[in-house]
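Visitor: Model the following, please.
(2 chains)
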Amino acid sequence: MTVSFQIFFTLFVQMMKSKADEEDYWNSSKFKAFTFDDEDDEFSTLKESKRTVNSIRCLVEEDDDKEEVEKVSWNGEPVSSKTLLWLLKQMFSIVVSLEKFRSLQDKLLLLDSCVAAHDGNVITAVLIYLKRTLSKEVLFRELEPRQTALSHLIHYLTETRDQRLLLELYTCLTCFCFQLLQYKEHLSIADENKRRDFLKSCLSLPFSPEDSSHVQDHYTLMERQVIIETTDRRAERGEKVERALILNMPLITTLSYCCLYHYSESEGTFSSPLNIRQTFKISEKQFFVTALGARAKLKAWSDVDALFTSRNWLGFTRKKSPLGFQRVVDILQKNSAPTQVLQDYVALVDDAELRITLAQKHKCHDIVINTYRDLKDRQQLLGYRGKVERGSGEERKIDELLNNLQIRWKN
Amino acid sequence: MAAHLSYGRVNLNILREVARKDLREFLDKCAGSKAIVWDEYLTGPFGLIAQYSLLKEHEVEKMFTLKSGRVPPADVKNIIFFVRPRLELMDIIAENVFSEDKLQSSRDFHILFVPRRSVLCEQRLKEQGVLASFINIDEYILDLIPYDGDLLSMEYESAFRECYLENDQTSLYHTAKGLINLQALYGTIPQIYGKGECARHVANMMLRMKREFAGSQNQILPVFDTLLLLDRNVDLLTPLATQLTYEGLIDEIYGITNGYVKLPPEKFAQKKQGEASKDLPTEPKKLQLNSAEELYAEIRDKNFNAVGAALSKKAKIISAAFEGRHNAKTVGEIKQFVSQLPHMQAARSSLANHTSIAELIKDITSMCHLASEAFFDNLTVEQEFMTGVETDKVNPYIEDCIAQKDPLIKILRLVCMQSVCNNGLKQKVFDYYKREILQTYGYEHILTLNNLEKASLLKPQTSSRNNYPTIRKTLKLWLEDANEQNPNDISYVYSGYAPLSVRLTQVLARPGWRSIEEVLKMLPGPHFEERQQLPAGLHKKRQQGENRTTLVFFLGGVTYAEIAALRFLSQMEDSGMEYIIATTKLLNGTTWIKSLMDRPESQIS
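Guide: Numbers count the residues shown, from 1 in each chain, chains lettered A, B, ... in the order given. Purely as a prediction, here's the structure:
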């Protein structure tokens, strides 16, 4: 603490020198300040100050750093003994009344010099004092441009769980930096209804426009999850299967749940996947992957097929996918799709090499055979014959092709 | 005496001994038998300073972990709380004090705050009505802890976060104090170089603190020639990349804490000949990792692809040594062989351990295994970003990973890397990633994304141009065919990418920062040089060929790969420089991002 002492000392000598008994205004304080000392803070003479220093010595005796006190060059500047007393006691981390710093200017100067010393503990100690002796409006107004001090205050109020004051503070601030900290508090609310209500209360905070929309989405999602949960649990009574809870789950997880249990609902319901997609502006790709995963899990292959089907204006259907077919095959295979189903999608892979690799991996023999036929690769086809079952239809097919004189094999 | 601390050029044991002395003094202050109640977080760092044996010498009979309720019974005169100055812990302490059965025992209470006392905390104790119950309340200033012969860390986990997110520069204050204390033991450092805002603050504080102690001039012959202070945010890229040195990979995959690693036990089961195979152990295997272990010192900083060869070579040497028993014929020779046995057995056990670790890592990283395809794909994307390939578009691999709900931290490391290499993402790309992440992992992660933006790790592009390609070319940060087996450049630590921070350090030594003035201006924060006056007669007369010593201080954290790169520079024949590394925290990309998250536990999903 010896470092801070020197700074304070210099600054406060200056402060006491420059201003006359300038008490601009008494600041309105919420609570009456409790002072331990009765004496008035007039400028005192050297004698008294020296006496004060000497009386401190007995405290110093215990400490090794006697030199620190001696080093204080006493050049006879008039300094309030109370100030000196406080400063010296700060050195030894003893909490002492700061009541002598009365005017707003004094308080701010005190705060600014603490911030300049970078000593977190001291900054906090001063803030505690300011919080007690300044009105909220003045305190908030003065702290707004003092980001470091502001951060410290917020940290202190968070640790001491002064939610009310924090909320007031966040509402007052004009910068966007701190509203999210209020939002963060939702994490410590366990009950879903209370959490939902808390999120609703956050909506009125002055977030940045972007953050605002995210918080809005979060509230909307939470609201919806509570509704779906309640409805589903009610319907479930009697069923044996317990469904996964969706409370506090991310949006996509919620969508997945709805694709599992509410897939065919019309777009008007809260739990309809299409409604969710619309409300939260989920990308086509995300929706597709989620729906695919969910329906594949339930082995609803016709639903899977329907995802790919689209009609163009001629009335034809063609399979299109926002996802590479390789990924599609991967997802289907993970959900134990039968070979007949896998085959359909492997066949749609554009790249021949990739198609063959996948087909071989999943034993989609027909595709391998057809692809080698298309590539006119006799050697590979011959080689593949050994991989199919003896006497199977595939074997016969390969033989037919190999014996087909019309095909112009390249090798 | 910690053997591993005396190997380097600078004897860091001195620092450790001072810390031990301070601890002894406090313990003796609380005279009589004692029990220590530990803040769990402190047991690790303290373990680097003192073992239980030292505590026992000062009448510490029992040790407990701090938790609510009652302090367990123990027939001791004193109960001492060793805690960080955190409000939550004060409440627990108060509970402990209240629950003390005054009729049964009359134990005295004391508190030791590490590293500093706190007004807030003492006030809280007062509010709880227990402050008066404590006889001794002290602070134990544990700033720089020696981890190895050339490595010091403050293990101040929140330093980066505090400085860049919370405008709280307390960590810099601690750093400056730590450096002042270091100079008291090792002499005033005549030259200070720095790059970054925090570096500037630390230097200012150091100089000011020095002026205030103007009376007492340090008469110790300076051990360090130069101090280099570097802000972490001068090089945000390096910690995001996956480290590829042996030690770096151990840290990435398993996490090294306070010089120890916990490993899955399966590969370490001891199979003794003739015995039936026992049940596999279920407790993770805990190993200490420092330079006192000869083999580890050899391989720790190698690129992982060069470790296999080194282990084979070692195996042959050890084999040959054991075979030597056949050559021992005379009594004298046999005696000599036997006397060497302990050393040989230790070497063999060390080899077995590291072979097992290398196998574990290989399973995860090599191309042969399906599970490790993910590792390779990840690495490929990292290298694409580092070489500036398509950093302005949404990356399909990242998209897929999000769709598959890969661990969030993996996603964050990649998108941050893309952002850093592009000097901010295009607004559309930024919005896209943000939305996908929030929708897939939960809206609450908006807090983390906000933090990352504040730290400049993940942000939208402002109008300024992307300087990264220029920096990369000028400083030669990417070397295509990095030689992993016999490296000739620091880029081997990332198989091609030279850590920017270390390159800056390298250039400072030779030819000096004046030659890269333009590039330095493109990096955040001021760069500066300061000189500290040495008393007359203390200027070192350097011998011909004698190396200079630089202390490199990373403000905000450092990775093992960067440490390896600096050690490489020290070993280079014509460098003329040896490096000692200090930092606020040893970290990797995962622990770093975690420290910036507002809800660490949710990244598991």
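
Visitor: Dihedrals phi and psi, B:L555?
Guide: Dihedral angles of B:L555 (phi, psi; degrees, to the nearest 10) stand at phi -90, psi 100.

Visitor: Any buried residues in stretch B:380-400, and which?
Guide: Within stretch B:380-400, the residues that qualify as buried are B:381-388, B:391, B:394-395, B:398-399, counting by 16 or more other CB atoms under 10 Å in any protein chain shown. Every residue, glycine included, has its C-beta placed from N, CA and C.

Visitor: next helix or strand past the host helix or strand of A:T290?
Guide: If you go by DSSP states H and E, A:T290 is part of helix A:284-297. As assigned by DSSP H and E, the chain's next helix or strand after helix A:284-297 is helix A:301-308.

Visitor: still on that earlier bit, tell me what the helix holding A:T290 is packed against?
Guide: Judged by 3 or more CB pairs under 8 Å, 6 or more residues apart in numbering or on different chains; DSSP states H and E, the packing partners of helix A:284-297 are helix A:251-261, helix A:273-280, helix A:301-308, helix A:325-334, helix B:396-403, helix B:427-441.

Visitor: Out of the ones you listed, flag the one nearest A:T290.
Guide: Comparing those against A:T290 with CB to CB, the closest turns out to be helix A:251-261 (5.1 Å).

Visitor: quick one: contacts of that closest one?
Guide: Here helix A:251-261 makes contact (CB atoms under 8 Å, 6 or more residues apart in numbering or on different chains) with A:217, A:221, A:224-225, A:228, A:232, A:243-244, A:246, A:249, A:271-273, A:276-277, A:280, A:282, A:286-287, A:290-291, A:293-295, A:297-298, B:405, B:438-440, B:442-443.

Visitor: Tell me if B:L520 really is in a helix.
Guide: Yes - counting by DSSP: H, G, I helix; E, B strand; the rest coil, B:L520 is part of a helix.

Visitor: what's near enough to touch it?
Guide: Taking CB under 8 Å, 6+ apart as the test, what B:L520 contacts is B:195, B:504, B:513, B:527.

Visitor: how about stretch A:110-126: buried residues?
Guide: A:110-111, A:113-115, A:117-126.

Visitor: Grab the nearest non-local neighbour of the closest residue to chain B within the stretch 301-411 of chain A.
Guide: Residue nearest to chain B within the stretch 301-411 of chain A: A:R327 (7.3 Å; CB to the nearest CB). The shortest distance from A:R327 to any non-neighbouring residue, by CB to CB, 6 or more residues apart in numbering or on different chains, is to B:D400 (7.3 Å).

Visitor: For chain A, give me the ranges with low pLDDT.
Guide: Under the criterion pLDDT under 70, the flagged ranges of chain A are A:1-98, A:176, A:238-244, A:310-320.

Visitor: rerun that using 80 as the cut-off
Guide: A:1-101, A:116-122, A:124-125, A:158-161, A:163, A:171-178, A:234-244, A:309-323 (pLDDT under 80).

Visitor: repeat for the stretch 401-550 of chain B
Guide: B:463-464, B:535-546.

Visitor: how does it look with 70?
Guide: Low-confidence regions of the stretch 401-550 of chain B, defined by pLDDT under 70, span residues B:540-545.

Visitor: Enumerate the residues of it near chain A.
Guide: Residues of the stretch 401-550 of chain B lying close to chain A by CB under 8 Å from any CB of the partner chain are B:403, B:405, B:435-436, B:438-444, B:446-447, B:450.

Visitor: Is B:F528 part of a helix or strand, or is it coil?
Guide: strand.

Visitor: The closest residue to A:F288 other than its chain neighbours and B:D400, how far apart?
Guide: What sits nearest to A:F288 in space, not counting adjacent residues and going by CB to CB, 6+ apart, is A:P322, at 5.2 Å. Going from A:P322 to B:D400 by CB to CB, to the nearest Å gives 12 Å.

Visitor: Retrieve the pLDDT associated with the residue nearest to B:L287 when sequence neighbours are not counted.
Guide: Closest residue to B:L287 apart from its sequence neighbours, by CB to CB, 6+ apart: B:V261 at 5.5 Å. Per-residue confidence at B:V261 stands at 94 (pLDDT).

Visitor: Then B:I256?
Guide: For B:I256, pLDDT reads 95.

Visitor: Please give the number of neighbouring residues around it.
Guide: Residues contacting B:I256 under the criterion other CB atoms under 10 Å in any protein chain shown number 19.

Visitor: mind checking how far it is from chain A?
Guide: 29 Å (CB to the nearest CB, to the nearest Å).

Visitor: Surely that residue and B:I250 touch.
Guide: Yes - in this structure, B:I256 is within contact of B:I250 by CB atoms under 8 Å, at 6.1 Å.

Visitor: ok, the closest residue to chain B within the stretch 51-200 of chain A - contacts?
Guide: Nearest residue of the stretch 51-200 of chain A to chain B, counting by CB to the nearest CB: A:G120, 3.8 Å away. Contacts for A:G120 (CB under 8 Å, 6+ apart) come out as A:152, B:168, B:170, B:173.

Visitor: hang on, the first one in a strand?
Guide: This points to A:H152. No - using three-state DSSP, the assignment for A:H152 is helix, not a strand.

Visitor: Assess the claim that it and B:T170 are in contact.
Guide: No - counting by CB under 8 Å, A:H152 stays clear of B:T170, with 9.5 Å between them.

Visitor: More neighbours: those two, which one.
Guide: Set A:H152 next to B:T170 and count neighbours by other CB under 10 Å: A:H152 wins out with 25 against 21.

Visitor: neighbours of B:Y193, just the number please.
Guide: Close neighbours of B:Y193, defined as other CB under 10 Å, add up to 22.

Visitor: If it is in a bridge, with which residues?
Guide: Counting by DSSP bridges, B:Y193 forms beta bridges with B:L228, B:E529.

Visitor: now it: how far from chain A?
Guide: Separation of B:Y193 from chain A (CB to the nearest CB) stands at 21 Å.

Visitor: could you list every residue that touches that residue?
Guide: B:226-229, B:508, B:513, B:527-530.

Visitor: shared neighbours of B:I256 and B:I250, which are they?
Guide: Taking CB under 8 Å, 6+ apart as the contact rule, B:I256 and B:I250 both touch B:L289.

Visitor: All the strands of the stretch 251-400 of chain B, in order from the start?
Guide: In the stretch 251-400 of chain B, the strands defined using DSSP state E, counting those that start in this stretch lie at B:256-257, B:260-263, B:285-288.

Visitor: Residues contacting the second one, please?
Guide: By CB under 8 Å, 6+ apart, the surrounding residues in contact with strand B:260-263 are B:250-251, B:254-255, B:284-289, B:356-357, B:360.

Visitor: What are the buried residues along that strand?
Guide: B:261, B:263.

Visitor: So what are the sheet partners of it and their directions?
Guide: strand B:256-257 (antiparallel), strand B:285-288 (antiparallel).

Visitor: could the ones you listed go into JSON lines alongside distance to B:I334?
Guide: What follows is the strands paired with strand B:260-263, written out as JSON lines (distance: least, CB to CB, whole Å):
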{"stretch": "strand B:256-257", "distance to B:I334": "41"}
{"stretch": "strand B:285-288", "distance to B:I334": "33"}
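
Visitor: so which of the ones you listed comes closest to B:F568?
Guide: strand B:256-257 (19.3 Å).

Visitor: residues in contact with that closest one?
Guide: By CB under 8 Å, 6+ apart, strand B:256-257 touches B:44, B:247, B:250, B:289, B:560, B:586.
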